[in-house]
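In: please find the sequence and the predicted model below.
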Amino acid sequence: MSIALCECRWTKIMVMGLVLVMTGTISSAQTFTVSPTSLSFTGAPVGMLSLAKTVTIYNTGTTNLTVNSYSLSPEFVLIYGWAPYVIGPGKQFAFGIKFAPDAAGSFSGQFTVNLSGTDVVIPITGKGLSTRAVSTVTPSAISFGPVPVGTTGTPQVLTIKNAGATSMKVLAVTADPPFNVAGPAYPALVKAGQSLNVQVTFTGTTAQDFSDVLTILYDVVPQTGISLHATGTPQTSLTVNVFSPLPTATVSSAYLAPLGATGGTPPYTWSVAPDSFLPNGLALSSSGTITGTLDPAVTVGSYSFNVQVTDSTGATASTSSPLVLAVAPLTGSNCNDIYFNVRNTQSPMVPLTDLGTLTYQGYEGGLYPDGTNFRPVDHDLAGSLIAQSIQPLDADGDPDPNGKIGLLSIGMSATFDTFVRFMSDFYSDPDRNPHLVLVPGAQPRAEAALFADPSNGAWNAISQSFLPQSGITANQVVAAWVDDVDSRSTGTFPSDIATLQPEFESIAQNLHSKFPNLQLLYFGSRIYAGYSNFMKKLPQDPEPYAYESGFAVKWTIEDQINGNPNLNYDPTKGLVMAPWMSWGAYTWANGLIPRADGLVWTCQDLMPDGTHVNDPNGRQKEANLMMQFFKSDSTTVPWFLSTEARKR
């Protein structure tokens, strides 16, 4: 439907009573549309956030249109968008808004945005819903103790009770492999006084300690969670240690999944068990890898089969229960691009954490100098001492036992998506430090080049909206998580990284100047982006740029470790210019090729663009890696976990 712009300042176009779009002119060369012209939130429970709604500004003129400022009425919160921002001809810019009622009843307000001197007012309404449902969860933590690799521990029962006076629905109960949750179909109605039982299990996949947060999502009460703990113990006899679910496959697409065994004498020889069959198009090699391309006749669904393994002594073991391979529909991404090779070679790229002292294009791997994944002793000690000194602060930044500790995110849309999931998990984790507040500073389109500019409007949204909405001040922010890249690359290495690295260093300096008590900075990494390659639409940060951007982080941290005065964090060594810096969670893995810790990225983990992690699979996977880091690192445990959790 085309809409002609009139010469008046504002026009509302009505079709059968529905406001479709708002159009305006400022000068003969400046025209625009804003859609929608009003927002209505049908209802959100008190104390919870609604789903987001978007206001999009389209520059339909021939000259730049400037978003000068914005304002938002109480009870409604901004989740992305900033000002000032220049919208070029034919371009658009969006603001995201949620409804956050603090009481039952109807609310009305407005979102006002100034476009090149003209105020645009978008009315907003919402209804706060009251509930008398009360969720209680028992037990508050589950520990499976030692479980031999290749076996499943004794199932534990988790009870979710509605101790209130009105009904509630349990929308989902989730835990991460090797923990598993089995329960009813969701959503599950729990009436007042009734309970819902779910079964939690743990399967020993490797000989190590495991911890996780089981999360419970409701319709009318805030998300809750409990802690899960278990230990996988070594096996003395040959055992298959791969369990369902296998990484998800995609219809008519390539697939790869290596199997594993333990307790025997290598080498191992694998085969599909008699009377068991893989989906057509796939085969199991004798070395234990399922490969191939799914036959087009293989449809969406779950396929079960058993395998067996024989070691060099002739000992044989079979799967204790069938392996299940889920086949999912095409997502729109290039789901055949299940791994990516080093430029101009047939050798798959290797994660920095696995590359070690080997090189990529002549540059050494590892997260830190000398090809290691461990911080140098002096740098680690310095970070640990800083962490131990962190304490709650009041609004002015002074120590206060009742104060707050802020952790701020910086990045673009992929970071925004994951941090929202991370926040949800964090606030339902019983082990969290109650003084810690997470501030979602990452935003769609906010690439590294923007945050490298201290005067860019992307910083304004943090100070004007995200900090006050989180209930803290800039003086209370003590740590930051940065995961960002630029939206386009030239496709050359290391010249792309030679541009990105100084941007990271500028971001560190900007964080220091804008947040006077920010002392710790942790870098994340891009995940695998190969599923976006070779798509018709030009992908953002595709491979190998997504992988190579990890070198920008590595070299930025190395600059600080090597004593670059522009990144000095130690007041005894001169003027402080930046916070202490470290890797946080390194999340890149080469598609379906498992890295040393088993991490893979399936096509189903990403949205159709092959760039952004989907919800919940991909976002949960990345958020879990973050959570594992913050709950275990020596420089985060002192301020991330509660006193009780630190004592355990």
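Out: Looks like it arrived, so ask away. Since we're looking at a predicted model, the values are computed, not measured.
In: touching stretch 370-384 from outside, list them.
Out: Outside stretch 370-384, the residues that touch it by CB atoms under 8 Å, 6 or more residues apart in numbering are 353, 355-358, 364-369, 520, 561, 569-570, 580, 582, 634-635. C-beta here means a position set from N, CA and C on the backbone, and glycine is covered the same way.
In: what's near enough to touch S287?
Out: Here S287 is in contact with 267-270 (CB under 8 Å, 6+ apart).
In: cutoff 7 Å now
Out: Neighbouring residues of S287 by CB atoms under 7 Å, 6 or more residues apart in numbering: W270.
In: what's the spacing between it and N280?
Out: Counting by CB to CB, to the nearest Å, the gap from S287 to N280 is 21 Å.
In: ends of stretch 320-333, what's the gap?
Out: With CA to CA, to the nearest Å as the measure, stretch 320-333 spans 35 Å from end to end.
In: list the buried residues of it.
Out: Neighbour-count burial for stretch 320-333 flags 323, 325-328, 331, 333 (criterion: 16 or more other CB atoms under 10 Å).
In: repeat for stretch 444-463
Out: Neighbour-count burial for stretch 444-463 [16+ other CB under 10 Å]: 444-452, 456-462.
In: and the residues you listed, which is closest to V181?
Out: For these, the minimum distance to V181 (CB to CB) is 31.7 Å, reached by P444.
In: just checking, that closest one touches T415?
Out: No: counting by CB atoms under 7 Å, P444 stays clear of T415, with 9.5 Å between them.
In: and Y303, how far from S276?
Out: For Y303 relative to S276 (CB to CB), the value is 10 Å.
In: neighbour count: these two, which is higher?
Out: Using other CB atoms under 10 Å, the more surrounded residue of Y303 and S276 is Y303, with 20 against 16.
In: C-terminal to the host helix or strand of the more buried one, what's the next element?
Out: With elements taken from DSSP states H and E, the one containing Y303 is strand 301-305. Moving toward the C-terminus from strand 301-305, the next helix or strand (DSSP H and E) is strand 307-310.
In: so which of the buried residues of stretch 444-463 are in helices?
Out: With helices defined by DSSP state H, the entries of the buried residues of stretch 444-463 inside them are 448-451, 457-461.
In: could you look up the SS state of L500?
Out: Three-state call for L500 (DSSP: H, G, I helix; E, B strand; the rest coil): helix.
In: correct me, but it touches A552?
Out: Yes: using CB under 7 Å, L500 is in contact with A552, at 4.0 Å.
In: mind listing the strands for the stretch 451-600 of the chain?
Out: 477-483, 520-523, 580-583 (DSSP state E, counting those that start in this stretch).
In: just say which of those is most tucked in.
Out: Mean neighbours per residue, mean count of other CB atoms under 10 Å, is largest over the strands of the stretch 451-600 of the chain for strand 477-483, with a mean of 27.
In: can you tell me the element A257 falls in?
Out: Counting by DSSP H and E, A257 is part of strand 254-258.
In: what does the helix or strand just after that strand contact?
Out: Helices and strands here follow DSSP H and E; after strand 254-258, the next one along the chain is strand 261-262. Residues outside strand 261-262 that contact it (CB under 7 Å, 6+ apart) are 149-150, 235, 238-241, 268, 309, 317.
In: now whatever helix or strand comes next after strand 261-262, how far from the centre of its chain.
Out: For strand 261-262, the following helix or strand on the C-terminal side (DSSP H and E) is strand 269-272. With CA atoms, centre = their mean, to the nearest Å as the basis, strand 269-272 stands 36 Å off its chain's centre.
In: equivalent analysis for stretch 478-492, please.
Out: 14 Å.
In: ends of it, what's the gap?
Out: 36 Å.
In: show me what it is in contact with.
Out: 390, 405-412, 415, 447-449, 451, 496, 500, 507, 511, 517-526, 540-541, 545, 549, 584.
In: repeat that for stretch 524-532.
Out: Defining contact as CB under 7 Å, 6+ apart, one finds that stretch 524-532 is touched by 333-335, 337, 339-340, 481, 483, 485, 539, 541-543, 546, 549-550, 553, 584-591, 601, 603, 606, 609-611, 613, 622.
In: please save the CA atoms from it in CSV.
Out: Provided in CSV are the C-alpha atoms of stretch 524-532 (Å, rounded to 0.1, in the frame of the first residue of the first chain):
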residue,chain,number,x,y,z
GLY,A,524,33.5,-12.8,24.8
SER,A,525,33.8,-14.0,21.3
ARG,A,526,31.6,-14.4,18.2
ILE,A,527,30.1,-17.9,17.7
TYR,A,528,30.4,-19.9,14.5
ALA,A,529,28.9,-17.9,11.6
GLY,A,530,29.5,-20.3,8.7
TYR,A,531,25.8,-21.0,8.3
SER,A,532,25.4,-17.4,7.1
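In: what is the mean pLDDT for it?
Out: Averaging pLDDT along stretch 524-532 gives 95.
In: can you check stretch 302-311 too?
Out: On average, stretch 302-311 scores 96.
In: so which residues of the stretch 101-250 of the chain form strands?
Out: For the stretch 101-250 of the chain, applying DSSP E, counting those that start in this stretch gives strands covering 105-115, 118-129, 135-138, 141-148, 156-162, 168-174, 179-182, 188-190, 195-202, 209-218, 224-233, 239-240, 249-250.
In: which secondary structure elements does the longest one contact?
Out: The reference is to strand 118-129. Under the contact criterion of 3 or more CB pairs under 7 Å, 6 or more residues apart in numbering; DSSP states H and E, strand 118-129 touches strand 18-27, strand 39-45, strand 105-115.
In: now do 8 Å
Out: strand 18-27, strand 39-45, strand 92-99, strand 105-115 (3 or more CB pairs under 8 Å, 6 or more residues apart in numbering; DSSP states H and E).
In: nearest to I79, out of the ones you listed?
Out: strand 92-99 (4.3 Å).
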